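Enquirer: could you work out the structure for the sequence below:
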Amino acid sequence: MPEENVQKMPPKQPDPDSQARTMAMLCHLSALSGYLVPLGNIIGPLVVWLINKDRFPLVEAEGKKALNFHISMIIYTLVSIVLCFLLIGFVLLAAIGIFVLIMIIVASVKTSNGEEFNYPLAIKFLK
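Expert: Now for the predicted structure:
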């Protein structure tokens, strides 16, 4: 078959805005590693944030939000563990677990769509 004069297109460069949204979404999703690794919910977002914060301003902001939220949830979990002696802690632990999972998913979806999301109940440690 004779080769036609087909002009080859240069490889498509990824959109920087798309890359920023993907890395910001990864900041939120990496917190799911906390279900497999102790303190993975802090280490995952921290690693993604530290690697990408200088390249993408969006990752700088979203990484701080994710870290603030998960540090806050650790504090709430520790308080709930103490409250287990009063039996209410068991209910709070279950509620926190479900709440964290839902918030990670919501934050990831909103960030990937380019929408702003602020975690509820997050204490601002990093500003």
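Enquirer: all contacts plus neighbour counts: C-alpha atoms, from now on.
Expert: Will do.
Enquirer: top helix in this protein by residue count?
Expert: Counting residues, the longest helix found in the chain (DSSP state H) is helix 57-83.
Enquirer: V48: how many residues sit nearby?
Expert: 20 (other Cα atoms under 10 Å).
Enquirer: geometric centre of the protein: which residue is closest?
Expert: Ranked by distance to the mean C-alpha position of the chain (Cα atoms, centre = their mean), the top residue is H28 at 0.7 Å.
Enquirer: any buried residues in the longest helix of the chain, and which?
Expert: 58-73, 77, 80-81, 83 (16 or more other Cα atoms under 10 Å).
Enquirer: T77 is in contact with V91, isn't it?
Expert: No - using Cα atoms under 8 Å, T77 makes no contact with V91, being 11.1 Å away.
Enquirer: mutual contacts of these two, please.
Expert: Counting by Cα atoms under 8 Å, 6 or more residues apart in numbering, no residue touches both T77 and V91.
Enquirer: got a list of contacts for the next helix or strand after the longest helix of the chain?
Expert: For helix 57-83, the succeeding helix or strand toward the C-terminus, using DSSP states H and E, is helix 88-112. Residues outside helix 88-112 that contact it (Cα under 8 Å, 6+ apart) are 21-22, 24-26, 28-29, 31-32, 73, 76-77, 79-84, 116-119.
Enquirer: buried set for helix 88-112?
Expert: In helix 88-112, counting by 16+ other Cα under 10 Å, buried: 89-90, 92-93, 96, 100, 103-104, 107-109, 111-112.
Enquirer: and the angle from it to helix 57-83?
Expert: Calculated by axes from the mean of the first three to the mean of the last three Cα atoms, to 10 degrees, helix 88-112 forms an angle of 170 degrees with helix 57-83.
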